[in-house]
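Novice: Give me the fold of what follows.
(chains A, B and C)
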Amino acid sequence: MSAFKTGSIVRIESLKSWEEALQETRRFGSCGLDMETTGPDPLISGIRLILLALPNYRTCVADILDLGTEVLALLAALVEDARVKKIIHDAKFGLSFVQASQGRRLKFKKIFDTMLASQICWAGYYYLVPSKSPKNPWKKREPDHSLKALAERHLGIMLDKSRQDYDWSCKHLTAEQIEYAAKNTEVLLPLEAIFQDLIIKNGQEKIAELEFRTISPVVEMGLSGICLDSEATKSLILEKEAKLVEAVIDLQSEAKENGFIPLPDNDSKPSYYLNPDSQEDVKRYLQSLGFQIITTKAEVLKEVAASGCIFADRLLSYRRLSHQLAFLNSWLQRLHPVDGRIHPQYFQLHSATGRLSSRKPNAQQVPARGEDSQAIRKLFRAPPGKKLIKADFSAIEMRIMAYLSADETMLKAFRERQDLHRLTASKISCQPLDQVTETQRQAAKCINYLLIYGGSAETLQQRALYDYGIVMSLVEAGEARERYFEMYSGIGKWQMEQIEAMNYTHDHYFHDCVRGTFSLPLTCTLTVLGRRRVWPRFGTGIKASKFQAFNTPCQGTGADLIKMAMCELYDSLRSEEVKIIGSIHDEILLEVPEDRAEAYASMLCEIMNRVGSELLYPVPVTSEAKILSSWGG
DNA sequence: GGAAGCCGCGCG
DNA sequence: ACCGCGCGGCTTCC
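Specialist: Below is the predicted model of the structure:
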């Protein structure tokens, strides 16, 4: 049991005593920091209460309504002060408000985020809980990283009342409200001590430092948002809606003519028409036409269409249309009332590999392939006087794989600045490099990414057919696969080692208030920067699949790299006119003044190349930056 | 009527 | 027997 003493609450009554409190904080060198806001959106709401938990068990509470907004400037100075460690839970949230209140890019220093720390320490861990589904009797559940959960798990303290229930915009805050806010802040200091220890024991110091730094660019992306041409979006929606209606009518009338009758619905909703969104309807109709299909996924429908079924072909276009419409509507729905831009939320550690993810809307799944994708990307345009910079790492996961496996052929190819996909195409097709066509190169890219992650001859065959219409026998696919591993023998060797490593365990340290600090022997994977993902064992021990063992170090290192680049970039930015507006796994998006576009493009490229080439030495890392009027060019 | 699971599909 | 995400729609269950 960790000793936990309840502190005393000090209400700050004047600006002067707030300054004194900050002075005291500086003497201690660390504090717990929490902010209560009048709402969830930093562009609309503001900070109401600032709480500062000091190591001498005193919690200072500053009410903006009492002290005025000058305290916010002092707060900004505190979060930028490299001499004081600020322990915050979910710092992205609070710091977004601080940054928004100052209207400038703050250079946060020495932030310790207990939420990110918890996510680092439990990365990959999950529990199995019974599920109601007969198909999968067990479902995965990840540990809760809310402050309430951490206080309970690590300190045995129940923060019973959720502060979402409180109204922080009311004139008079009750003693109860203040007390609960103070409790939330008090737990931060002991939590930090626990996580700091775990981070060191698990060798995650560099990762923790990187994640804490990454809060800055993530805050910036959330606040800056991305510009969408709403008028053009609306007209594109109208256009596509008309097509959708037509497609539905075609599908339904054809089905009806051929005698299709939907299954009687147990509820209301009587319909005499086929529902193209219902896989059950689609399956039954196609089966009635004599196609023996078990699923209705696109690759199957494509085959059915190829054998002359117009319905399958129409359904495929219907699905594309309907998906694009859903996409366009979801973005249009989220135009922000204050600035008319879209503000996707980014999450640093929602994925087990360490990648960023994005939600509401997901900025990482904007259409990029297919004919009409460009038209959609063109809707994301730079405002007048601005340009977009889109910079992405070139073949980054292949370079990471070259580094990890130390495969001679790959290392040599990259050192000599060759195009790896082209090289693969040339070797597989036994043609000289300069005779490789663009299609062959694309196919080789597909093969590269398939095989380094453990793809079989069967999947190779399927993908060749589905993506390129290349008919390939299983024997041919197997031969291509064999030739691949002859050519890059280091990859096969590395894969064997990864599988072997799954049989070994490392002691990974955890903590809870009952057992204190304890360790479990777990299989785990590491990225180049040292990011660790563990696989929990139940009973006889569940191990990672070989595919995960191949993929996680590579994808995770990619995440390390893009985060490092974003942090370096953030630290180099001096002007408020530049905004980091997006991050898509291997790509960084900036919005910059038109007349400075060239400079920022080369600056970004230089940073990405430098950071990448340092981490992956001796593999050189290159990137490409484009200056664009819209995301679509 | 809401929650949870599944499927299919977009991105990297 | 290819990894990692989020989302929308359908279906099932409470």
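
Novice: Okay, now the unreliable bits of chain A?
Specialist: Regions of chain A meeting the criterion pLDDT under 70 cover residues A:1-5, A:133-135, A:161-164, A:264-271, A:539-542.

Novice: Now do the phi/psi pair for the most centrally placed residue in it.
Specialist: Centrality entry for chain A: nearest residue to the mean C-alpha point is residue A:357, 1.6 Å, by Cα atoms, centre = their mean. Per-residue torsions, residue A:357: phi -130, psi 170 (degrees, to the nearest 10).

Novice: From residue A:583, how far off is it?
Specialist: Distance, residue A:357 to residue A:583, by Cβ to Cβ, to the nearest Å: 10 Å. (Glycine included, C-beta is placed from N, CA and C.)

Novice: which residues are in contact with both of the two?
Specialist: residue A:346 (Cβ atoms under 8 Å, 6 or more residues apart in numbering).

Novice: tell me which residues in stretch A:275-286 are buried?
Specialist: For stretch A:275-286, the neighbour count (16 or more other Cβ atoms under 10 Å) marks A:275, A:276, A:281, A:282, A:283, A:284, A:285, A:286 as buried.

Novice: go on, stretch A:294-304?
Specialist: So stretch A:294-304, judged by 16+ other Cβ under 10 Å, has buried residues A:296, A:300, A:301, A:304.

Novice: again, but for stretch A:215-231
Specialist: A:215-228.

Novice: From the buried residues of stretch A:275-286, which land in helices?
Specialist: Mapping these onto helices (DSSP state H) picks out A:281, A:282, A:283, A:284, A:285, A:286.

Novice: How about the contacts made by the third one?
Specialist: If you count contacts by Cβ under 8 Å, 6+ apart, residue A:283 has them with A:293, A:294, A:295, A:296.

Novice: got the contact list for the longest strand along chain A?
Specialist: Secondary structure of chain A per DSSP state E: the longest strand is strand A:516-526. The contact list for strand A:516-526, computed with Cβ under 8 Å, 6+ apart, reads A:1-2, A:124, A:194, A:197-198, A:201, A:498, A:501-512, A:532-537, A:543-544, A:548-549, A:552-553, A:556.

Novice: Any of those residues buried? List them.
Specialist: Neighbour counting with 16+ other Cβ under 10 Å marks A:124, A:194, A:198, A:201, A:498, A:501-502, A:505-506, A:508-511, A:532-536, A:543-544, A:548-549, A:552-553, A:556 as buried within those.

Novice: The host helix or strand of residue A:423 close to DNA strand B?
Specialist: Assessed by DSSP states H and E, residue A:423 sits inside helix A:420-429. No - figure legend: helix A:420-429 not in contact with DNA strand B (Cβ under 7 Å from any atom of the strand); closest approach 13.8 Å.

Novice: hang on, the earlier thing: for residue A:377, state which of the ones in helices among the buried residues of stretch A:275-286 is nearest.
Specialist: For those, the residue nearest residue A:377 by Cβ to Cβ is residue A:282; the value is 29.7 Å.

Novice: partner residues bridging residue A:583?
Specialist: Taking DSSP bridges as the rule, residue A:583 bridges to residue A:588.

Novice: before we move on, back to that, what's the helix holding residue A:423 packed up against?
Specialist: The contact analysis (3 or more Cβ pairs under 8 Å, 6 or more residues apart in numbering; DSSP states H and E) places helix A:420-429 against helix A:408-415, helix A:438-452, helix A:474-487.

Novice: Out of those helices, which is closest to DNA strand B?
Specialist: helix A:438-452 (8.3 Å; Cβ to the nearest atom of the strand).

Novice: re the thing from before, now, the contacts of strand A:516-526 that are in helices?
Specialist: Mapping the contacts of strand A:516-526 onto helices (DSSP H) picks out A:194, A:197, A:198, A:201, A:498, A:501, A:548, A:549, A:552, A:553, A:556.

Novice: Between which two of those residues is the distance greatest?
Specialist: Using Cβ to Cβ, the ones in helices among the contacts of strand A:516-526 reach their maximum pairwise distance at A:194 and A:498, which is 31.9 Å.

Novice: re the thing from before, need the helices and strands packed on helix A:420-429 in a markdown table with distance to DNA strand B, can you?
Specialist: Output for the helices and strands packed on helix A:420-429, formatted as a markdown table (distance: least, Cβ to the nearest atom of the strand, whole Å):
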| stretch | distance to DNA strand B |
| --- | --- |
| helix A:408-415 | 18 |
| helix A:438-452 | 8 |
| helix A:474-487 | 19 |
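
Novice: for residue A:88, what are its contacts?
Specialist: Contacts of residue A:88 by Cβ under 8 Å, 6+ apart are A:32, A:33, A:34, A:94, A:95, A:111, A:112, A:113, A:114, A:188.

Novice: Which of the residues you listed fall in strands?
Specialist: Counting by DSSP E, these contribute A:32, A:33, A:34, A:111, A:112, A:113 to strands.

Novice: coming back round to it: could you dump the ones in helices among the contacts of strand A:516-526 into a markdown table and include distance to DNA strand B?
Specialist: Listed next are the ones in helices among the contacts of strand A:516-526 as a markdown table, based on distance: Cβ to the nearest atom of the strand, whole Å:
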| residue | distance to DNA strand B |
| --- | --- |
| A:194 | 29 |
| A:197 | 33 |
| A:198 | 28 |
| A:201 | 30 |
| A:498 | 17 |
| A:501 | 21 |
| A:548 | 12 |
| A:549 | 15 |
| A:552 | 11 |
| A:553 | 13 |
| A:556 | 11 |
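
Novice: Flag every residue of the stretch 201-350 of chain A that's near DNA strand C.
Specialist: Going by Cβ under 7 Å from any atom of the strand, the residues of the stretch 201-350 of chain A near DNA strand C are A:275, A:277, A:278, A:279, A:280, A:281, A:322, A:326, A:330, A:347, A:350.
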